[in-house]
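**Q** model this:
(one chain, ligands or ions: 1)
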Amino acid sequence: MTSILILNGPNLNLLGTRQPEVYGHTTLADIKAMCHEKAQTLGITIAFEQSNSEGALLDHIHAARGVHDGIILNAGAYTHTSVALMDAISSVGLPVVELHLSNIHAREEFRHRSYIAKVALGVICGFGAAGYPLALEALEGHLGQTE
Ligand code: DQA
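**A** Numbering: from 1, shown residues only. Got it, this is the predicted structure:
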(Lines give C-alpha, C1' and ligand atoms only; values in the text may rest on other atoms or scores of the structure.)
Protein backbone atom coordinates (compact mmCIF):
# COMPACT_ATOMS: atom_id res chain seq x y z
CA MET A 1 0.00 0.00 0.00
CA THR A 2 1.25 3.47 -0.86
CA SER A 3 2.57 5.34 2.18
CA ILE A 4 3.09 9.10 2.38
CA LEU A 5 4.85 11.11 5.09
CA ILE A 6 3.30 14.51 5.84
CA LEU A 7 5.95 16.60 7.52
CA ASN A 8 5.33 19.97 9.17
CA GLY A 9 7.99 22.43 10.25
CA PRO A 10 8.39 25.23 12.78
CA ASN A 11 5.45 27.08 14.33
CA LEU A 12 2.86 24.94 12.56
CA ASN A 13 1.99 23.40 15.95
CA LEU A 14 0.48 26.83 16.71
CA LEU A 15 -2.02 26.74 13.82
CA GLY A 16 -5.48 27.83 14.87
CA THR A 17 -4.21 30.63 17.10
CA ARG A 18 -1.16 31.74 15.07
CA GLN A 19 -1.96 34.76 12.85
CA PRO A 20 -5.42 33.41 11.89
CA GLU A 21 -5.78 36.24 9.35
CA VAL A 22 -2.91 34.59 7.42
CA TYR A 23 -3.18 30.90 8.29
CA GLY A 24 -6.86 30.47 9.20
CA HIS A 25 -8.50 28.95 12.27
CA THR A 26 -7.88 25.28 11.49
CA THR A 27 -5.57 23.57 13.98
CA LEU A 28 -2.83 21.10 13.08
CA ALA A 29 -4.91 18.38 14.78
CA ASP A 30 -7.82 19.28 12.47
CA ILE A 31 -5.48 19.06 9.46
CA LYS A 32 -4.19 15.68 10.64
CA ALA A 33 -7.77 14.41 10.84
CA MET A 34 -8.49 15.79 7.33
CA CYS A 35 -5.42 13.99 6.01
CA HIS A 36 -6.42 10.66 7.58
CA GLU A 37 -9.89 11.01 6.06
CA LYS A 38 -8.43 11.77 2.62
CA ALA A 39 -5.94 8.89 2.92
CA GLN A 40 -8.79 6.50 3.65
CA THR A 41 -10.64 7.71 0.53
CA LEU A 42 -7.50 7.26 -1.57
CA GLY A 43 -6.70 3.85 -0.04
CA ILE A 44 -3.24 4.87 1.17
CA THR A 45 -1.51 5.08 4.54
CA ILE A 46 0.04 8.23 6.00
CA ALA A 47 2.30 9.33 8.82
CA PHE A 48 1.86 12.87 10.14
CA GLU A 49 4.71 14.64 11.94
CA GLN A 50 5.61 18.14 13.16
CA SER A 51 8.83 19.53 14.56
CA ASN A 52 10.20 22.97 15.35
CA SER A 53 13.74 21.67 14.93
CA GLU A 54 15.55 21.60 11.59
CA GLY A 55 17.59 18.58 12.71
CA ALA A 56 14.49 16.58 13.60
CA LEU A 57 12.97 17.40 10.19
CA LEU A 58 16.19 16.16 8.54
CA ASP A 59 15.98 12.94 10.58
CA HIS A 60 12.36 12.41 9.49
CA ILE A 61 13.33 12.85 5.82
CA HIS A 62 16.25 10.42 6.18
CA ALA A 63 14.09 7.85 7.95
CA ALA A 64 11.44 8.04 5.21
CA ARG A 65 13.68 6.21 2.75
CA GLY A 66 12.48 2.63 2.37
CA VAL A 67 9.43 3.32 4.57
CA HIS A 68 7.38 5.90 2.67
CA ASP A 69 6.85 6.38 -1.07
CA GLY A 70 6.78 10.18 -0.99
CA ILE A 71 6.72 13.21 1.28
CA ILE A 72 4.46 16.25 1.63
CA LEU A 73 6.54 18.96 3.25
CA ASN A 74 5.42 22.22 4.79
CA ALA A 75 8.83 23.33 6.00
CA GLY A 76 7.51 26.66 7.34
CA ALA A 77 10.21 29.33 7.50
CA TYR A 78 12.96 26.74 6.82
CA THR A 79 11.62 26.70 3.26
CA HIS A 80 13.33 30.03 2.69
CA THR A 81 16.61 29.30 4.48
CA SER A 82 17.49 25.61 4.60
CA VAL A 83 20.03 24.25 2.16
CA ALA A 84 20.20 21.25 4.53
CA LEU A 85 16.55 20.32 3.93
CA MET A 86 17.05 20.73 0.17
CA ASP A 87 20.09 18.43 0.31
CA ALA A 88 18.20 15.86 2.42
CA ILE A 89 15.44 15.69 -0.19
CA SER A 90 17.98 15.22 -2.98
CA SER A 91 19.74 12.56 -0.90
CA VAL A 92 16.75 10.31 -0.21
CA GLY A 93 15.43 10.50 -3.77
CA LEU A 94 11.75 10.45 -2.76
CA PRO A 95 9.21 12.66 -4.56
CA VAL A 96 8.33 15.69 -2.43
CA VAL A 97 5.36 18.03 -2.71
CA GLU A 98 6.14 21.43 -1.18
CA LEU A 99 3.11 22.79 0.63
CA HIS A 100 2.16 26.12 2.20
CA LEU A 101 -1.13 27.30 3.63
CA SER A 102 -0.50 30.87 2.50
CA ASN A 103 0.45 32.09 -0.97
CA ILE A 104 4.12 32.74 -0.26
CA HIS A 105 4.50 34.62 -3.57
CA ALA A 106 1.92 37.21 -2.54
CA ARG A 107 3.73 37.89 0.75
CA GLU A 108 7.06 39.45 1.77
CA GLU A 109 9.94 39.27 -0.70
CA PHE A 110 11.98 36.93 1.56
CA ARG A 111 9.23 34.29 1.29
CA HIS A 112 9.46 34.20 -2.50
CA ARG A 113 12.65 32.15 -2.44
CA SER A 114 12.23 28.44 -1.73
CA TYR A 115 15.12 25.99 -1.47
CA ILE A 116 12.57 23.16 -1.33
CA ALA A 117 10.97 24.07 -4.67
CA LYS A 118 14.30 23.49 -6.44
CA VAL A 119 14.10 19.76 -5.65
CA ALA A 120 10.32 19.30 -5.30
CA LEU A 121 8.03 17.43 -7.65
CA GLY A 122 5.56 20.29 -7.36
CA VAL A 123 4.33 23.08 -5.12
CA ILE A 124 0.88 23.81 -3.66
CA CYS A 125 0.33 27.10 -1.83
CA GLY A 126 -2.40 29.56 -1.02
CA PHE A 127 -5.33 27.20 -0.38
CA GLY A 128 -5.11 27.12 3.41
CA ALA A 129 -5.73 23.78 5.12
CA ALA A 130 -7.41 22.48 1.94
CA GLY A 131 -3.93 22.30 0.42
CA TYR A 132 -3.16 19.18 2.48
CA PRO A 133 -5.77 16.87 0.90
CA LEU A 134 -4.94 18.46 -2.49
CA ALA A 135 -1.29 17.55 -2.01
CA LEU A 136 -2.19 13.99 -1.00
CA GLU A 137 -4.30 13.59 -4.13
CA ALA A 138 -1.54 15.02 -6.34
CA LEU A 139 1.22 12.86 -4.86
CA GLU A 140 -0.90 9.69 -4.84
CA GLY A 141 -1.73 10.33 -8.50
CA HIS A 142 1.94 10.80 -9.34
CA LEU A 143 2.96 7.63 -7.48
CA GLY A 144 0.20 5.70 -9.26
CA GLN A 145 1.72 6.69 -12.61
CA THR A 146 5.27 5.79 -11.65
CA GLU A 147 4.61 2.43 -9.91
C1 DQA B 1 4.16 28.70 5.61
C2 DQA B 1 4.76 29.93 4.90
C3 DQA B 1 6.12 30.28 5.47
O4 DQA B 1 6.63 31.43 4.81
C5 DQA B 1 6.01 30.58 6.95
O6 DQA B 1 7.29 30.83 7.49
C7 DQA B 1 5.31 29.50 7.70
C8 DQA B 1 4.12 28.90 7.11
C9 DQA B 1 2.72 28.40 5.13
O10 DQA B 1 2.25 27.30 5.35
O11 DQA B 1 2.06 29.30 4.58
O12 DQA B 1 5.69 29.16 8.81
O13 DQA B 1 4.96 27.57 5.30
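**Q** quick one: the helices in this protein, in order.
**A** 20-23, 28-42, 54-64, 83-92, 131-146 (DSSP state H).
**Q** next, the angle from the last one to helix 28-42.
**A** So that's helix 131-146. Helix 131-146 runs at 30 degrees relative to helix 28-42, counting by axes from the mean of the first three to the mean of the last three C-alpha atoms, to 10 degrees.
**Q** do you know how far the nearest residue to Tyr115 once chain neighbours are set aside is from Val119?
**A** Nearest non-adjacent residue to Tyr115, counting by C-beta to C-beta, 6 or more residues apart in numbering: Met86, 4.1 Å away. To be clear about C-beta, it is placed using only N, CA and C from the backbone, and glycine gets the same treatment. Distance, Met86 to Val119, by C-beta to C-beta, to the nearest Å: 5 Å.
**Q** go on, Ile89?
**A** From Ile89 to Val119 the distance is 5 Å (C-beta to C-beta).
**Q** can you pick out the residue with more neighbours from those two?
**A** Ile89 (25 against 18; other C-beta atoms under 10 Å).
**Q** tell me the contacts of the more buried one?
**A** 61, 71, 73, 96, 116, 119-120 (C-beta atoms under 8 Å, 6 or more residues apart in numbering).
**Q** pLDDT-wise, which helix or strand of the chain ranks last?
**A** helix 20-23 (a mean of 91; mean pLDDT, DSSP states H and E).
**Q** same list (the helices of the chain) but as a markdown table, adding distance to the ligand.
**A** Shown next, in a markdown table, are the helices of the chain (distance: least, C-beta to the nearest ligand atom, whole Å):
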| stretch | distance to the ligand |
| --- | --- |
| helix 20-23 | 6 |
| helix 28-42 | 11 |
| helix 54-64 | 12 |
| helix 83-92 | 12 |
| helix 131-146 | 8 |
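**Q** comparing those, which yields the minimum mean pLDDT?
**A** Lowest mean pLDDT within those: helix 20-23, at a mean of 91.
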